[in-house]
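Participant: Please work out how this folds:
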Amino acid sequence: MKNIVKLTFTLLAISLIVSCTGDREIAPFKPVFFSQNFDGIENTGPGQYITLDGWSNVSINGGKKWEARTFGGEIFAQQSAFGSGESNMDSWLISPAIDFTQTSNETLVFDYLSGYNNGQAVSVLVSTDYDGSNTAAAINAATWTNLNVTLPDFLASGYPANFSHSAAIDLSGFNGNGYIAFRYTGSTTGTTSTYEIDNIKLYENK
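Facilitator: Numbering: from 1, shown residues only. Below is the predicted model:
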């Protein structure tokens with residue numbers, strides 16, 4: 001009987017370790033209520049802009065939008081000002097409306113990879129009054145809160161071998177319907193860093 005109890009405890013410990021490592025698995029006692037890994041996108045590559053139900057993908061100045069790219073079997077969102085010819089790139093990838101009235105202690109995490117980095121070009125913002133209409137006018141009319149997210153892992157030459165995990169970002173101060181935006185700002189003669197975003201998750205940090 002003691003051996004059975006010991007084996008059960010060992011298996012439980014191993015499962016908990018696995019849930020906390022690797023591909024940012026959220027512990028089962030912290031419910032994930034929104035996620036996006038872009039795996040459902042069929043067309044990827046240069047010029048294949050992300051089109052997902054409920055998502056907005058907008059270039060404020062009418063230029064390059066966030067692209068769906070793939071590497072090593074993973075599909076992700078990618079943006080870079082390199083070779084774009086844009087003097088003022090301002091590109092937004094915005095989630096569908098997320099209902100914060102049914103949850104508490106909301107926390108955002110995502111994976112990112114940045115190569116040929118010459119400055120942080122991606123910021124993460126939240127709005128509760130964006131109308132979701134996928135237009136530059138609507139984005140400019142909305143009120144956005146910059147979450148001041150730092151993305152410290154990158155390579156100045158080449159690409160990292162693996163994605164990095166963002167820090168856990170507290171969204172508990174937002175109420176109603178919230179929209180999460182990944183905004184890329186740069187220019188072909190200034191910041192041209194390449195960013196890839198994947199495995200976006202919101203969970204209740206109970």
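
Participant: Run through this protein and note the low-pLDDT ranges.
Facilitator: 1-29 (pLDDT under 70).

Participant: show me where it has helices.
Facilitator: In the chain, the segments counted as helices under DSSP state H are 2-19, 136-141.

Participant: Tabulate the CA atom coordinates of the shortest one in CSV.
Facilitator: In CSV, the C-alpha atoms belonging to helix 136-141 read as follows (Å, rounded to 0.1, in the frame of the first residue of the first chain):
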residue,chain,number,x,y,z
ALA,A,136,-7.5,52.8,-38.6
ALA,A,137,-10.2,55.4,-37.8
ALA,A,138,-11.7,53.2,-35.0
ILE,A,139,-8.2,52.4,-33.6
ASN,A,140,-7.4,56.1,-33.5
ALA,A,141,-10.8,57.0,-31.9
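
Participant: and it, what other elements does it pack with?
Facilitator: Counting contacts by 3 or more Cβ pairs under 8 Å, 6 or more residues apart in numbering; DSSP states H and E, helix 136-141 is packed against strand 56-59. To be clear about C-beta, it is placed using only N, CA and C from the backbone, and glycine gets the same treatment.

Participant: Show me the contact partners of the strand it packs on.
Facilitator: Here strand 56-59 makes contact (Cβ atoms under 8 Å, 6 or more residues apart in numbering) with 49-51, 65-66, 89-94, 132-136, 139, 179.

Participant: Can you say which of those residues are buried?
Facilitator: Buried residues within those, counting neighbours by 16 or more other Cβ atoms under 10 Å: 50, 65, 66, 89, 90, 91, 92, 93, 94, 132, 139, 179.

Participant: Take these and write them to TSV, including distance to residue 166.
Facilitator: As requested, the buried ones among the contacts of strand 56-59 are arranged in TSV below (distance: Cβ to Cβ, whole Å):
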residue	distance to residue 166
50	19
65	22
66	17
89	22
90	22
91	19
92	18
93	15
94	17
132	24
139	22
179	18
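
Participant: quick check, nearest of those to residue 171?
Facilitator: Nearest to residue 171 among the buried ones among the contacts of strand 56-59, counting by Cβ to Cβ, is residue 179 at 11.3 Å.

Participant: distance of that closest one from residue 86?
Facilitator: According to Cβ to Cβ, to the nearest Å, residue 179 stands 24 Å off from residue 86.

Participant: same thing with residue 127?
Facilitator: Distance from residue 127 to residue 86, by Cβ to Cβ: 24 Å.

Participant: ok, now residue 37?
Facilitator: Distance from residue 37 to residue 86, by Cβ to Cβ: 28 Å.
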